[in-house]
Structures are given as structure tokens and as C-alpha cells.
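A.B. asks: A predicted structure for the sequence below; I have some questions about it.
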Amino acid sequence: MIVLLPTIAISLLGRYYASYLEGIAPIDLTNFAAMRTVAKSILSSNQLGDSWSPMRDALEFLRSGSNAHLYETLFFQKTVRFQYPPTSLLPLELLSSMGLSSVGSLNRLNLLFYLLNAVAMGFLAWLLCRADHDDARTAKFANLQLDCKALVPLSVIASLTFYPVLRAQVLGQIQVWIDLLFTLAIIFWVGGRQLVSGICIGLACAIKPQLGLLLVWGLLWRRVNFVLGISLTIAPILLISIARYGWQTHLDYLEVLSFLSMHGESFFANNSINGILNAYFSPNNPRVWDASTLTPYVPIVHAGTVLAEAFAVSLVVIPPFVFKSKSPSVETIGTAAICTVIGSPVAWEHHYGILLPLYLVAVRATFDLPPGRRRLVMLAALSVSWILVANLIPFVLLLGETPFRALQAHCFFGTLLLLIVLFALQAPLLRASKLQREPA
């Protein structure tokens with residue numbers, strides 16, 4: 001019920017106060033409003049292209065044979081938010097050759113991936129609950145009144161109503177692809193197929209290079225097959241991209257990453273340390289999305305962003321040295337994946353879509369704990385985290401002009417709580433998870 005009741009309550013209140021809230025921010029004000037938008041797109045294709053429009057602009061620019069630099073022209077001069085690496089254009093170019101380059105066609109593909117992700121979540125729930133005769137924890141888990149038969153359909157429903165995933169689908173975001181790939185990566189990891197898990201992460205890295213931090217994580221934990229999967233996937237993609245779009249284009253992308261680290265985005269939907277600091281110190285109005293200008297440089301925002309990036313990276317690289325004798329569990333890779341999001345200078349709500357399978361992993365691990373206060377605390381923390389991340393809470397927008405404006409980044413704070421829970425589930429000795437099977 002934790003999955004559905006908060007969503008229903010928040011959505012009903014959001015609808016009741018819609019006339020007032022609609023004047024504050026130009027977004028779907030509740031999960032139900034976003035779900036209604038997605039449902040309508042089944043009959044009439046969604047024409048929003050938050051990812052597709054800048055990606056198509058970039059592809060057309062490269063095809064024009066212009067001698068100007070792609071990112072200098074589009075991102076810095078025209079302020080087109082093409083913040084993706086050149087490798088991300090390869091699948092779009094392939095789809096274009098098949099006549100599937102229109103925004104409507106790409107969003108229909110997104111709808112398919114959105115539904116597949118829900119099915120994959122149901123399968124992950126079954127995989128985490130299945131009865132392994134050689135797993136002593138299974139019997140204990142079965143006695144905890146967590147009905148696995150109910151968990152499968154609940155996981156599907158949760159996937160369809162999870163706001164970060166919904167938001168990506170509504171906007172026309174390629175993040176939907178990343179969400180599906182990450183869910184599959186967790187499924188293959190749990191199933192003992194670390195090579196295939198790495199391949200899924202490698203494909204996601206071609207779209208979102210921040211996930212490349214998981215390659216470093218795999219190297220430090222000496223997960224050979226996982227590292228091999230990422231490397232064998234991203235290496236040929238990168239070589240093809242360089243041959244297709246030129247070496248200089250890839251070097252120029254580093255300037256975009258540097259700019260984002262220094263400036264970030266000031267719009268309130270940026271759920272990161274950078275977004276929170278910009279809300280207090282940037283001259284921009286955080287309630288207004290201005291596509292014609294980039295966020296100005298503010299030294300204190302830059303400093304805080306760098307510290308957040310360093311902290312996130314440290315949470316990835318330090319544990320392998322502290323627990324060098326242990327093997328990483330699925331919870332461990334989950335903490336590393338979370339760090340790739342919270343450490344980013346720009347973390348829109350839809351970027352938190354990869355957390356969806358991690359909640360399922362956390363619930364499974366929490367019910368493995370013996371009955372008592374620790375398990376109750378973990379479940380309470382997970383419930384609060386879910387409410388903060390899985391729902392758009394429109395009432396926090398009323399805090400935009402108050403000292404409490406940081407609470408607008410409720411998705412960020414809910415994610416920190418999930419991160420703490422996942423770390424706590426591995427303490428004190430980073431237990432070797434039996435959910436993971438060592439590869440043959």
C-alpha cells in the first residue's frame with residue numbers, strides 16, 4: 001500500500017489545488033496528470049521532444065558538413081541543450097535510416113520501452129523472490145508475510161506510476177532507454193550474468209557517460225566479466241562514433257561537461273547540490289525555464305558542485321579498498337549507480353528513473369533481516385524515500401520564495417535516504433550477497 005496510497009493522496013490534493021499551483025510551474029502537477037498524458041499518447045502520439053529535438057538538431061548539423069564545431073555552435077552559441085555525447089547520435093541515425101526519426105515515432109518507441117521496463121520490473125520481483133533450494137534465506141524470507149505473488153504485479157504498477165519514469169516518457173526523453181537498460185543490468189546481475197549486465201551498462205554509457213563510473217567500480221571490485229561487458233560494448237561504439245563524427249567533436253564534448261560542472265542548471269527541477277545552491281545564489285528565477293540563456297557562473301555554486309562530485313566518487317572508490325576481501329552484492333552496485341546521479345551537476349527528476357529496480361532490491365534485502373527494530377527502521381526509511389522520489393509533490397513549489405526552497409529537491413533527499421539504506425544493508429562487513437551468483 002505504501003506504493004499506491006501516497007501517490008493517490010498527493011495526486012488528489014494536487015488536483016484540488018491545481019488552479020493555484022498551475023500558475024507556479026509549467027509541469028504536470030501530479031503523477032495522475034502525467035499518467036493521463038501518457039495514456040493519451042497511446043491514441044495520439046506525443047510530440048514533446050526534450051531529447052529528440054536537440055539530438056535531431058545535432059544530427060542535422062553534422063550532416064550539413066559545416067566546418068564549425070558542433071557543441072560550440074549548438075550548445076554555447078544557440079543555447080540548444082544538446083548535452084549528450086556524440087555516441088548517443090548513432091542509434092538516432094540508425095532509426096533515421098529506417099524512417100523512424102520523427103518525434104512521434106521516437107516517442108512511440110519510448111512508449112514500448114516504458115512498458116517493457118514495467119514488465120522487466122515484474123520479472124525482477126519474481127527473480128528476487130523465487131525459491132532456490134540451495135538458498136537458506138529463502139525459507140526465512142517466505143515466513144515474513146511478504147507475498148511474492150502480490151509483489152510481482154505491484155512492481156509492474158509501481159513502474160508505471162513512478163514519477164521519474166513517467167516524467168521521462170511525458171517529455172520525450174531518451175532517459176527511458178537508460179531506465180530499461182539499467183533494470184535489465186540489475187536483472188542479469190541478480191541472475192549471475194555479469195557479462196551481459198556489463199553490456200547493458202555499456203549501452204547506457206553511450207547515452208549517459210556518467211554511468212562510466214561503474215566501469216571504475218567494476219575494476220576496483222575486480223568484477224572481470226562486468227568490466228569486460230562494458231568495455232567490449234563501449235569501445236566499438238566509441239570507435240564508430242569517432243569515425244563518423246570526428247575526433248574533435250568528441251574532444252569538444254568535454255568542454256560541455258566542464259561548463260555544466262561549473263554552472264549547472266538553476267531550474268527547480270534540477271534535483272542536485274548544484275540545483276539547490278543555484279536556487280539560493282543564482283540570479284535566475286528557479287521557477288522559470290529559459291531555453292535562450294545558460295545558467296550564469298556563481299563561485300559558491302561551483303565549489304559546492306565540485307565537493308558533491310568528489311563525495312559521490314569517494315563513495316564509489318573507497319569501499320573496495322575497505323572491504324577488499326568481500327564480493328560486491330547487488331546492493332553494492334546499486335549504491336554506485338546512485339552516486340552517478342547525485343554527484344552530477346544536473347540531475348533532473350527523470351534522471352532518477354534508474355532507482356526503480358533498486359527499491360525492489362532494497363525491499364528484498366530488508367525482509368532478509370531478522371524481525372526487530374532494525375528491520376522496522378529500514379522499512380520506515382524506505383517508505384519515506386519512496387514517497388519523496390516516486391511522487392511529484394507540487395506543494396513544495398510554494399516554498400520557492402522561502403528559506404526552505406531546498407525542499408523543492410525532494411527527489412534528491414529521498415535518494416540520499418535510499419543510499420543510506422543500501423549502505424546500511426551491507427554493514428558491518430559488506431555481506432556477500434547470495435542474490436548474486438558468481439559467474440562461471
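C.D. replies: Good, I have the coordinates. All of these numbers come straight from a predicted model, not from anything done at the bench.
A.B. asks: biggest helix in the protein, by residue count?
C.D. replies: Criterion DSSP state H: the longest helix present in the chain is helix 103-129.
A.B. asks: OK, contacts around G414?
C.D. replies: G414 is in contact with 384-389, counting by Cβ atoms under 8 Å, 6 or more residues apart in numbering. Using the backbone N, CA and C atoms, a C-beta is placed for each residue, glycine as well.
A.B. asks: Just want to check the distance between it and V384.
C.D. replies: 7 Å (Cβ to Cβ, to the nearest Å).
A.B. asks: Flag the shaky bits of the stretch 51-200 of the chain, pLDDT-wise.
C.D. replies: 67, 131-148 (pLDDT under 70).
A.B. asks: Using neighbour counts, pick out the buried residues of stretch 238-256.
C.D. replies: Under the neighbour-count criterion of 16 or more other Cβ atoms under 10 Å, stretch 238-256 has 238, 241, 245, 249-250, 252-253, 256 buried.
A.B. asks: what's the most distant pair in these?
C.D. replies: L238 and V256 (16.7 Å; Cβ to Cβ).
A.B. asks: Please enumerate the helices of the stretch 101-250 of the chain.
C.D. replies: With helices called from DSSP state H, counting those that start in this stretch, the stretch 101-250 of the chain shows them at 103-129, 136-142, 148-161, 163-171, 175-190, 194-205, 213-220, 224-245, 247-263.
A.B. asks: let me redo that: the stretch 301-440 of the chain
C.D. replies: Ranges of helices in the stretch 301-440 of the chain, per DSSP H, counting those that start in this stretch, are 319-322, 330-342, 356-366, 373-390, 410-426.
A.B. asks: Can I get those in CSV including distance to T73?
C.D. replies: Listed next are the helices of the stretch 301-440 of the chain as CSV, based on distance: least, Cβ to Cβ, whole Å:
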stretch, distance to T73
helix 319-322, 42
helix 330-342, 29
helix 356-366, 36
helix 373-390, 37
helix 410-426, 33
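A.B. asks: now those as CSV including distance to V306 and mean pLDDT?
C.D. replies: Conversion of the helices of the stretch 301-440 of the chain to CSV gives the following (distance: least, Cβ to Cβ, whole Å; pLDDT from 0 to 100):
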stretch, distance to V306, mean pLDDT
helix 319-322, 22, 86
helix 330-342, 14, 94
helix 356-366, 26, 92
helix 373-390, 25, 91
helix 410-426, 17, 94
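A.B. asks: And these: which comes nearest Q194?
C.D. replies: If you check each of those against Q194 by Cβ to Cβ, helix 330-342 wins as the nearest, at 9.6 Å.
A.B. asks: Pull the closest one out as CSV, backbone CA atoms only.
C.D. replies: The C-alpha trace of helix 330-342 is given here as CSV (Å, rounded to 0.1, in the frame of the first residue of the first chain):
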residue,chain,number,x,y,z
VAL,A,330,23.6,-6.2,-6.0
GLU,A,331,23.1,-3.6,-3.2
THR,A,332,26.7,-2.5,-3.7
ILE,A,333,26.3,-1.9,-7.4
GLY,A,334,23.1,0.0,-6.5
THR,A,335,24.9,2.4,-4.3
ALA,A,336,27.5,3.1,-7.0
ALA,A,337,24.7,3.7,-9.6
ILE,A,338,23.0,6.2,-7.2
CYS,A,339,26.3,8.1,-6.9
THR,A,340,26.4,8.6,-10.7
VAL,A,341,23.2,10.6,-10.3
ILE,A,342,23.5,12.5,-7.1
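A.B. asks: Noted, bye for now.
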